[in-house]
Each structure stands twice: as C-alpha cells, then as structure tokens.
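Chemist: 3D, please:
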Amino acid sequence: MPDGVRRPRKRFLVLGVVIAAVVAALLFTPLLTRQSPKGGPPHVGSVAPRFRVPRLDGSGRVGWPPAGASRRTPEILVFFASWCGPCRAELPAIAAAERGIRGTRQRVSVLGVDVADPKGRGIAFVKSSGVTFPVGVDASFAVTSGLYYFTGIPDAVAITGNGRILDIVHGPLSVKTFSRWIHELSSGS
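Modeler: Below is the predicted model of the structure:
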C-alpha cells in the first residue's frame, strides 16, 4: 500500500490517543489529587464542611454546626484516636485547657472527633485524657478523610461563628495555639 493511504490512519490513531489521554486526565486528576469539583479540600477562609456523627457514647449525634444553635458558635474540632501516639500526648493538655475556659466569657465550643476507635477503647481514652467536651466517632473516616481530606491524625480546625475556617493544624495542637484560637474566635476575628 502506498504511504498516502496509511498516514491518515496514523494521524487519526494519534489524534484519538491524544484525545483519550486528555479526557482521562480531566476525569481522573481530581481523584488522584483528592480535589473535588467544588474546589478541593477545605482551607483557611473556606466554609467548614457540615457533618453529623454519632456520639462516642452512643447517646445521639454531634457535629458542625452544633445542632439547635440559634446562631453559630465558634468551634474547634479536634481529630484524634487512642492508637495515635501524638494524640495520646496532645489530648490531655487540650482537655485541661478547654476545662480552663469554662465559666469565662470565652464563647467557643470544642468538639472531639474520634477516628475509628473501637467504642470501648475510645471511651476509655477520652475518660483517661480528662475530656469533658462532646466527642463524636468517625468510624468510616467519612468526615476525617472524606470531608476534611486529612490523611493522618491528629488534626485540628478552628471555625469562626460565620462558619469559615480560621486555621488548620496538621499534627499535634499545642496549648499555645489552642489558647490563641480561643482568643481569636471569642473576639470575632
């Protein structure tokens, strides 16, 4: 066969491969980079994803925004698990700092999100850490990795009264940062 007959086939084949590659890249890149069509993972300044999870003790549900709140209260979300070494070091200090703001004019809620702990172990960990704030359980990682895109714990998120993310900490949350968040969230920053 003459070359003139084959070239158009090769061109169509090459063009088809290029188009298929572009379509595949457009379809699969968001999955590989974990970005959603709505703009990717939450970040400072974005609206905090809404969620509800069962309470760790099984007595209802908790989440963001708090149920029944007439106006949104600023909130700090603390993601942890009993099997996480940094969480075991972080949580007692955060629990003590949270108890220290009770009865003050600081109007900030704290919500714990226990990640995939067996119920008994999670409850024991929360009690031994001195946690008195509400704790939900994210057994399937639907909130932790599904909504917030966290790939490891501990993580923490500060959310303003208008539902925007003030700050995110990946890794242990220091008492100093927790206290700064309380001040900034209470003052309406």
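Chemist: and the residue nearest the centre of the chain, what does it touch?
Modeler: Nearest to the centroid of the C-alpha atoms of the chain, with distances taken as CA atoms, centre = their mean, sits Y148, at 3.1 Å. Applying CB atoms under 8 Å, 6 or more residues apart in numbering, we find Y148 in contact with 41-42, 49, 79, 155, 157. In short, each C-beta sits where N, CA and C put it, glycine included.
Chemist: How much space separates it from V115?
Modeler: Note on Y148: its distance to V115, by CB to CB, to the nearest Å, is 11 Å.
Chemist: which residues do the two both contact?
Modeler: Contacts common to Y148 and V115, judged by CB under 8 Å, 6+ apart, are F79.
Chemist: can I get the contacts of Y148 in CSV with pLDDT and distance to W181?
Modeler: Compiled in CSV, the contacts of Y148 are given as follows (pLDDT from 0 to 100; distance: CB to CB, whole Å):
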residue, pLDDT, distance to W181
P41, 90, 20
P42, 92, 16
P49, 94, 18
F79, 97, 15
D155, 97, 14
V157, 97, 10
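Chemist: Which of the residues you listed fall within strands?
Modeler: Within the contacts of Y148, membership in strands is found for 79, 155, 157, as judged by DSSP state E.
Chemist: Can you classify E98 as helix, strand or coil?
Modeler: Using DSSP: H, G, I helix; E, B strand; the rest coil, the three-state assignment for E98 comes out as helix.
Chemist: Next, work out how far apart it and S186 are.
Modeler: Counting by CB to CB, the gap from E98 to S186 is 13 Å.
Chemist: Look at the two and report which has more neighbours.
Modeler: Neighbour comparison, E98 and S186: the larger count goes to E98, with 23 against 16 (by other CB atoms under 10 Å).
Chemist: The more buried one and P134 touch, don't they?
Modeler: No: between E98 and P134 there is no contact, the gap being 10.9 Å when judged by CB atoms under 8 Å.
Chemist: ranges for the strands of this protein?
Modeler: Under the criterion DSSP E, strands of the chain are mapped to 51-54, 61-64, 75-80, 109-115, 135-138, 155-159, 165-170.
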